[in-house]
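J.: generate a structure from the sequence data that follows.
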Amino acid sequence: DERDSQVSREAEGHELAAGGEGNDALRSAAAAAMRLCAADRNQAVPAAVQTLLAASEDPAEAAKMLASSVQAATSRLPAATAPLLAQVAQEIKDQQRSSSKVTQDDEDIDDDESDDQGGQHFMLGPIKVPLAMLISIANGLEPDDLTPAAGTCKSLCIAININLQYTYFLIRLLRLIVLGPELARAMGQEEESSSAGSSDGGESSTEASSGCHG
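T.: Numbers count the residues shown, from 1 in each chain. Okay, here's the model as predicted:
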């Protein structure tokens, strides 16, 4: 009993420490993003959301997680950040609508390609098991299935991991937003360069074609 009490106290201490550090980093990142002028922020938010989701192994799942992160952070951030969080939430919804238009064939191709890559989801046979389901499974374990220390820490550990995962995911996004003006400009220049290249290529092809037939 004394050992279990000690483990419980240590777990609670880790939870408070981890939560405090995460909240401090979150507030700092949000404050930095709020210092951007409105025009820069309007450019930075879409670019940051697109970049973060595109870098994720499963963009659809990442979008859900990011939306949950924004919702969870609302009560932990100053009221002044509400417009920023609302803008981020709306951009996530826009990205989710865009991704929902992906065809089933493309999804099948992605699934086939992911078979050869690392960092896979937890699988139960051929079925991906999402985080929420794993949590439900963990919550369904009987106390007799666990050691006393594990039983004491189970609920705390699950809460700590989920909260930290959501918090740090949102912090990454906010830091991308701070870098956003440069990121947005770079993306814009790349798009303009690609468009110009395509246009020049088309004109060259037309001229070459005209010359051949002439």
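J.: from residue 168, how far out is the nearest residue to residue 172 once chain neighbours are set aside?
T.: The spatial neighbour of residue 172 that comes closest, neighbours along the chain excluded (CB to CB, 6 or more residues apart in numbering), is residue 52 at 6.3 Å. For the C-beta atoms, the positions are set from N, CA and C on the backbone; glycine is no exception. Applying CB to CB, to the nearest Å, the value for residue 52 to residue 168 is 12 Å.
J.: between these two, who's got more neighbours?
T.: Between residue 52 and residue 168, residue 52 has the larger neighbour count (other CB atoms under 10 Å), namely 22 against 16.
J.: name the SS class of that one, please.
T.: helix (DSSP: H, G, I helix; E, B strand; the rest coil).
J.: just the pLDDT for it.
T.: Looking at residue 52, its pLDDT reads 87.
J.: surely it meets residue 174?
T.: No - using CB atoms under 8 Å, residue 52 is not in contact with residue 174; the gap is 10.2 Å.
J.: what is the burial count for residue 35?
T.: The burial count for residue 35: 10, using other CB under 10 Å.
J.: next, it: phi, psi?
T.: phi -80, psi -10 (degrees, to the nearest 10).
J.: so where do the helices sit in this structure?
T.: 2-34, 38-54, 59-73, 82-99, 104-114, 131-139, 148-178, 180-213 (DSSP state H).
J.: could I get the average pLDDT for the fifth one?
T.: Looking back up the chat, that one is helix 104-114. Mean predicted lDDT for helix 104-114 stands at 53.
J.: neighbours around residue 44, how many?
T.: 22.
J.: for residue 61, same thing?
T.: Neighbour tally, residue 61, other CB under 10 Å: 15.
J.: isn't residue 51 up against residue 176?
T.: Yes - with contacts counted by CB under 8 Å, residue 51 reaches residue 176, the gap being 5.9 Å.
J.: who has more neighbours out of those two?
T.: More neighbours surround residue 176 than the other of residue 51 and residue 176, with 21 against 18 (other CB under 10 Å).
J.: which residues touch the spatially closest residue to the more buried one that is not a sequence neighbour?
T.: Counting by CB to CB, 6+ apart, residue 176 lies nearest to residue 48, which is 3.6 Å off, once chain neighbours are set aside. Residues in contact with residue 48, defined by CB atoms under 8 Å, 6 or more residues apart in numbering, are 173, 176, 177, 179, 180, 183.
J.: give the contact list for the third one.
T.: Residues in contact with residue 177, defined by CB under 8 Å, 6+ apart, are 33, 36, 41, 44, 45, 48, 84, 88.
J.: any idea of the pLDDT on the closest residue to residue 46 other than its chain neighbours?
T.: The shortest distance from residue 46 to any non-neighbouring residue, by CB to CB, 6+ apart, is to residue 91 (5.4 Å). On pLDDT, residue 91 comes in at 93.
J.: tally up the residues packed near residue 91, please.
T.: Residues near residue 91, counting by other CB under 10 Å, number 21.
J.: ok, it to residue 126 distance?
T.: Residue 91 is 33 Å from residue 126, by CB to CB.
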